[in-house]
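**Student:** how would this look folded up:
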Amino acid sequence: MPVTLKDIAEKTGVSASVVSTVLSGRDNGTFVSEGTRRKVLLVAEQLHYTPVRAGRPRGSRRLRRQHTEQFIGLWDADYNPGSAFLVQNLQVALRDHAREQGEEAVDDFGLRLLTGDDLPRMDALGIMGIILLSSLPLPREAATAGTPCVMVGEIDNPPRELVQVHADNAAAGGLLGEYLWSLGHRRIALLAPNVTPRVTGRRLSGLRDVWTAKGSQADRVSHQAYDTMKTLGERDQVRRVVLQQFGPDGPAEDRPTALVCSDENVAAVAAQTLAEVGLRVPQDVSLTAFGDTPRLAEALTPPLTVIRLPAAALAKAAITALYALHDAETPEAVPERDISLPVQLITRASCSSPSAA
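**Tutor:** Numbering: from 1, shown residues only. Modelled structure (predicted):
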């Protein structure tokens, strides 16, 4: 006779609705303490509980592991060319992982780009875990569903269950800073949104450390931030910030001679805006960015100097970390939760010595 929710409720001394909340992994408004949740999962495992619906176990990571999930969920609130490039690398890393594990049916493994409607029903979709494609806040539905999560990026005070896989952003800032300093730049600006404060902060710190080490003032490396939460689109916000620095109403003296952009898309908008006010790259303003998406940075005129992020290594580390989380008996069993990878400086024609140097 199959075990029911009522059987588990009687064994644990809680209501059937509490048992349902724990095993479904859904946030349905019923509060469940951590102690009660663990107790319900333990009893469900002891009783070999398997729900009838869809023939799949739900909620408990240990229960789910008895079955074969078909997909890794991918979440990105702002899907862009950089995201697509990362997805390509994740697909390669996933297939490599399958081969390394001796899986014969590699096609059984796949990636699924998630929508907001998918997050509360990941068990029904066959999602074994989620990879967040950027350093954006973890969706509440994903955080409460008990599904293993890996972020390709970094945030302050991450949930203890989350593994972060990211580029060494402080070192990235340092590499760009050393290069721009060697060209003769003494006043530069970092153009970055406020939505990723930890990433921006580490890059800014790396840049300013170079200035400090050279005996210059750190505030000569300014942070030109814009608010992505406002109704004005990102493109218009980037354009406005660039005009504030380089337009006719901008500072006549001591304006930056180099502009460091958070990504290649921002750099493209910055280049167009500089051209509108009659400034040339790199003769008047040097331009750089973080990221080197194929056929994007090189396609700009002139080709863009960048910090190349280790996309293939990030993808491999994310897949490895996600399976480690999925297979762990408890989240605490995963030893490494902050994985930082080295970056590479790629110099192209968008940077030169400042004309006033």
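**Student:** mind checking the SS state of the most centrally placed residue in the chain?
**Tutor:** Residue closest to the mean C-alpha point of the chain, counted by Cα atoms, centre = their mean, is Ser134 at 2.1 Å. Ser134 carries the three-state label coil when classified by DSSP: H, G, I helix; E, B strand; the rest coil.
**Student:** repeat for Arg186
**Tutor:** Going by three-state DSSP: Arg186 is coil.
**Student:** I'd guessed it sits against Asp219; true?
**Tutor:** No. Arg186 lies out of contact with Asp219 (Cβ atoms under 8 Å); the separation is 11.9 Å. In short, each C-beta sits where N, CA and C put it, glycine included.
**Student:** compare those two (neighbour count), which wins?
**Tutor:** The neighbour comparison of Arg186 against Asp219 (other Cβ atoms under 10 Å) goes to Arg186, with 19 against 10.
**Student:** now do Pro137: how many residues are near it, please.
**Tutor:** Pro137 has 12 neighbours, counted by other Cβ under 10 Å.
**Student:** that one is in what secondary structure piece?
**Tutor:** Per DSSP states H and E: Pro137 is located in neither a helix nor a strand.
**Student:** just the pLDDT for it.
**Tutor:** For Pro137, the pLDDT comes out at 70.
**Student:** then Gly278?
**Tutor:** pLDDT at Gly278 comes out at 95.
**Student:** domain parsing of the chain, as residue ranges.
**Tutor:** Domains of the chain are assigned by automatic domain parsing as 5-64, 71-167+312-341, 169-308.
**Student:** output those domains in JSON lines; the columns should cover distance to Ser352.
**Tutor:** Shown next, in JSON lines, are the domains of the chain (distance: least, Cβ to Cβ, whole Å):
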{"stretch": "domain 5-64", "distance to Ser352": "54"}
{"stretch": "domain 71-167+312-341", "distance to Ser352": "26"}
{"stretch": "domain 169-308", "distance to Ser352": "4"}
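**Student:** out of these, flag the one nearest Cys351.
**Tutor:** With Cβ to Cβ as the criterion, Cys351 lies closest to domain 169-308 of these, at 4.1 Å.
**Student:** mind listing the helices for the chain?
**Tutor:** Secondary structure of the chain (DSSP state H): helices at 5-12, 16-24, 34-46, 61-64, 81-100, 122-125, 140-144, 169-183, 197-213, 234-246, 264-276, 311-327.
**Student:** what is the least confident helix or strand in this protein?
**Tutor:** helix 61-64 (a mean of 40; mean pLDDT, DSSP states H and E).
**Student:** please tell me how far Ser216 sits from Pro197.
**Tutor:** From Ser216 across to Pro197, the span is 25 Å (Cβ to Cβ, to the nearest Å).
**Student:** ok, now Leu259?
**Tutor:** Leu259 is 20 Å from Pro197, by Cβ to Cβ.
**Student:** more neighbours: the two, which one.
**Tutor:** The residue with more neighbours, out of Leu259 and Pro197, is Leu259; 26 against 15, by other Cβ under 10 Å.
**Student:** that one contacts Thr273, correct?
**Tutor:** No. Shown here, Leu259 and Thr273 do not form a contact pair, counting by Cβ under 8 Å, at 10.0 Å.
**Student:** which neighbours do the two share?
**Tutor:** Common contact partners of Leu259 and Thr273 (Cβ atoms under 8 Å, 6 or more residues apart in numbering): Val242.
**Student:** mind pulling up the pLDDT for Leu243?
**Tutor:** So, for Leu243, pLDDT stands at 94.
**Student:** what sits against it?
**Tutor:** Taking Cβ under 8 Å, 6+ apart, we find Leu243 in contact with Asp249, Gly250, Thr273, Val277.
**Student:** now Gly153
**Tutor:** Contacts of Gly153 by Cβ under 8 Å, 6+ apart are Leu132, Leu133, Ser134, Ser135, Leu136, Gln164, Val165, His166, Thr196, Val199.
**Student:** identify the residue nearest it in space, chain neighbours excluded?
**Tutor:** Using Cβ to Cβ, 6 or more residues apart in numbering and skipping residues adjacent in sequence, the residue nearest Gly153 is Ser135, 3.0 Å away.
**Student:** look up how far Leu74 lies from the one you found.
**Tutor:** 15 Å.
**Student:** now do Ser216
**Tutor:** 42 Å.
**Student:** in terms of neighbours, single out the busier of those two.
**Tutor:** For Ser216 versus Leu74, neighbours defined as other Cβ under 10 Å are more numerous around Leu74 (20 against 15).
**Student:** quick one, what contacts the more buried one?
**Tutor:** Leu74 sits next to Val87, Leu90, Leu111, Arg112, Leu113, Leu114, Ile130, Ile131, Leu133 when contact means Cβ under 8 Å, 6+ apart.
**Student:** show me the contacts for Gly291.
**Tutor:** Gly82, Asp263, Glu264, Ala297, Val306, Ile307, Arg308, Leu309 are the contacts of Gly291 under Cβ under 8 Å, 6+ apart.
**Student:** so which of the residues you listed wins on neighbours?
**Tutor:** Going by other Cβ under 10 Å, Val306 tops the contacts of Gly291 with 29 neighbours.
**Student:** Pro251: how many residues sit nearby?
**Tutor:** 10.
**Student:** isn't it right up against Gln245?
**Tutor:** Yes. The pair Pro251 and Gln245 passes the contact test of Cβ under 8 Å, sitting 7.3 Å apart.
**Student:** Ala315 contacts Ala93, correct?
**Tutor:** Yes. Using Cβ under 8 Å, Ala315 is in contact with Ala93, at 4.1 Å.
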